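Q: Test case, fold it:
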Amino acid sequence: GTYHFRLTYEGYTQQKSNIAVADGSVVTFKTELVTVELRDSGSSYITTGAPVQYYAGTWKTFGDTDTAGYVTKELLPGSYHFKLTYEGYTQQQSNINVGSVSTVTYTTKLVTVELRDSDGAYITTGAPVKYYSGTWMTFGDTGSAGYDTKELLPGSYHFQLTYAGYIQQKSNVDVNVAVPLVAFATVEVTVELKDSTGAFITTGAPVMYYSGTWMTFGNTGSSGDETLELLPGSYHFKLTYEGYTQQISNHNVGALGTVLFETVLVKVELRDSNTAYITTGAPVQYYAGTWYTFGGTGSSGYVTKELLPGNYHFKLSYEGYTQQKSNHNVGGTGTVTFATVLVTVELIDSGSAYLTDGGTVQYYAGTWYSFGGTTGTGYATKELLPGTYHFKMTYKGGTQQKSNHNVGLDDTVTYQTGKVNDIASGKTCVSYYAGSWLSFDDGMELLPLSYQFQFSDGSKTWATVVASTYIEIL
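A: The predicted structure is shown next:
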């Protein structure tokens with residue numbers, strides 16, 4: 001009778017239909033010798049080996065091209081899908097009729113990855129290259145030639161190149177073209193340092209850029225600028241000038257190749273309580289990791305310096321005292337003003353009237369300094385920086401000290417004496433001791449201190465003078 005026959009071999013089923021059978025009939029199924037080969041772009045066999053699979057209901061192992069560059073297998077005639085994996089990438093050829101085509105050829109492309117500078121010249125210092133095929137794999141290194149090549153199966157790949165610490169990626173690059181070329185090109189990046197007038201600062205400043213870690217860019221040097229070839233992308237830059245480091249973040253060198261650092265003209269001035277400049281001069285320092293010399297206010301009453309924008313501490317020393325201003329943003333306000341206060345030290349008697357017959361005043365600022373004398377007026381004045389000082393008044397041999405007086409909160413330091421009367425019976429007070437024996441006059445004013453008094457008969461006694469009142473010595 002008439003039958004249909006089918007035979008399954010190596011996963012594939014072939015059918016023969018309407019076969020008339022009689023005594024002695026033979027139904028023959030015959031396989032084909034299928035060759036899968038892998039050749040490079042020059043048609044030579046690639047002998048490093050590549051696994052091959054074919055689809056027959058499921059993916060099955062065909063073999064490995066191995067050192068011969070090809071592999072063979074007997075398969076029933078029919079349409080199959082084949083896939084070959086080489087260097088991590090898998091290429092598939094579908095619906096191959098092995099009855100009419102006995103050789104399935106895979107041909108790679110010679111892919112070139114090159115690195116050129118902004119002038120189009122090869123960069124010959126070398127840069128490692130990777131490509132993605134399921135995972136990142138080593139392509140090679142551009143090396144001293146400025147480029148590298150590799151045979152890859154046709155398809156789309158991601159490539160990444162690392163240069164000067166930065167990684168640039170090119171995605172979905174189709175290498176199935178006549179001349180597969182993956183071109184990376186740097187841009188010329190210029191870092192400039194200019195002053196507040198727009199002129200280059202030519203004293204030099206070191207520059208670094210961040211690409212995974214901080215790396216040396218160069219030094220602006222005597223030209224005021226420095227250049228370096230970098231891959232396009234966003235970088236952080238930092239420049240150090242006069243001890244201070246300023247950072248410019250996320251600068252896209254592909255869009256703007258110049259990174260500009262500009263200083264501001266900072267003015268430190270010293271004015272008195274009437275806002276007039278003090279022209280006797282005062283040294284100024286600023287802090288940027290350590291204390292640096294800013295200059296002296298000199299005969300003009302001020303001093304200027306170009307500094308990078310940022311927060312600094314400033315300190316100025318005047319008349320022995322140092323005042324500090326902290327966290328002053330010179331980018332916001334370029335003038336740092338130190339202003340003195342007019343400090344008055346006065347000497348009044350027990351009745352609150354000025355004593356004009358002479359008192360000498362000192363103040364302490366690291367050491368004792370002369371403040372002045374109260375003779376003639378009963379007081380002395382001096383411009384001092386706001387702060388806490390010790391004062392001492394010497395009058396008629398006695399010295400009284402007032403400690404930790406904040407002249408910024410209270411600019412007047414008052415010393416008041418007490419009156420001393422001699423009411424001793426039958427004898428007269430002739431002297432008192434204040435560093436030495438001094439003549440005593442009945443009803444005299446003395447600073448509030450403890451004194452020893454001596455009488456005409458040679459006897460002595462101690463008494464404590466109290467401000468704004470009088471005491472009697474017996």
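Q: how about low-confidence regions in the stretch 51-200 of the chain?
A: Judged against pLDDT under 70, the stretch 51-200 of the chain has no low-scoring part.
Q: Give me the distance between the residue located most distally from the centre of the chain and residue 29.
A: In terms of distance from the mean C-alpha position of the chain, residue 23 ranks first, at 95.5 Å (CA atoms, centre = their mean). According to CB to CB, to the nearest Å, residue 23 stands 21 Å off from residue 29. No exception for glycine: its C-beta is placed from N, CA and C like everyone else's.
Q: do residue 187 as well
A: Taken as CB to CB, the span from residue 187 to residue 29 is 66 Å.
Q: out of the two, which sits in the more crowded spot?
A: Neighbour comparison, residue 187 and residue 29: the larger count goes to residue 187, with 18 against 14 (by other CB atoms under 10 Å).
Q: Quickly list what the residue nearest the centre of the chain is bridged to.
A: With distances taken as CA atoms, centre = their mean, the chain has residue 247 as the residue nearest its mean C-alpha position (5.0 Å). Taking DSSP bridges as the rule, residue 247 bridges to residue 238.
Q: Now do it against residue 288, distance only.
A: Going from residue 247 to residue 288 by CB to CB gives 14 Å.
Q: just residue 157 next, same as before
A: The gap separating residue 157 from residue 288 is 49 Å, by CB to CB.
Q: do residue 447 as well
A: For residue 447 relative to residue 288 (CB to CB), the value is 48 Å.
Q: Residue 463 contacts residue 454, correct?
A: No: the criterion here is CB atoms under 8 Å, and residue 463 misses it with residue 454 at 11.7 Å.
Q: Okay, helices next: where are they in the stretch 301-450 of the chain?
A: Assigned by DSSP state H, counting those that start in this stretch, the stretch 301-450 of the chain shows no helices.
Q: what's the answer for the stretch 151-300 of the chain, then?
A: Taking DSSP H, counting those that start in this stretch as the criterion, the stretch 151-300 of the chain carries no helices.
Q: ok, back up a step: the more surrounded of residue 157 and residue 288?
A: residue 157 (23 against 18).
Q: Any idea what that one is bridged to?
A: Beta-bridge pairing for residue 157 (DSSP bridges): residue 173.
Q: Helix, strand, or coil at residue 48?
A: Using DSSP: H, G, I helix; E, B strand; the rest coil, the structure places residue 48 in coil.
Q: Give me the neighbour count for it.
A: Residues lying near residue 48 (other CB under 10 Å) number 13.
Q: which ones are touching residue 286?
A: 292, 294, 305, 307, 312, 313, 314, 315 (CB atoms under 8 Å, 6 or more residues apart in numbering).
Q: can you pick the most crowded of those?
A: Going by other CB under 10 Å, residue 307 tops the contacts of residue 286 with 25 neighbours.
Q: Touching, that residue and residue 328? I think so.
A: No: counting by CB under 8 Å, residue 307 does not reach residue 328; the two are 10.6 Å apart.
Q: which one is residue 10 nearest to, not counting chain neighbours?
A: Leaving aside its sequence neighbours, residue 10 sits nearest to residue 75 (CB to CB, 6 or more residues apart in numbering; 6.0 Å).
Q: what about the one you found, neighbour count?
A: Residue 75: 22 neighbours (other CB under 10 Å).
Q: With the one 3 residues further on instead?
A: Here the number of neighbours of residue 78 (other CB under 10 Å) works out to 16.
Q: Please report how far it lies from residue 29.
A: Taking CB to CB as the measure, residue 78 falls 11 Å from residue 29.
Q: so what sits against both of the two?
A: Common contact partners of residue 78 and residue 29 (CB under 8 Å, 6+ apart): residue 14.
Q: hmm, back to that, quick one: contacts for the residue nearest to the centre of the chain?
A: 236, 237, 238.
Q: Most neighbours among those, which one is it?
A: Most surrounded of the contacts of residue 247: other CB under 10 Å gives residue 237, at 20 neighbours.
Q: Not counting sequence-adjacent ones, nearest residue to residue 70?
A: Nearest one to residue 70, counting by CB to CB, 6+ apart, is residue 37 at 3.7 Å.
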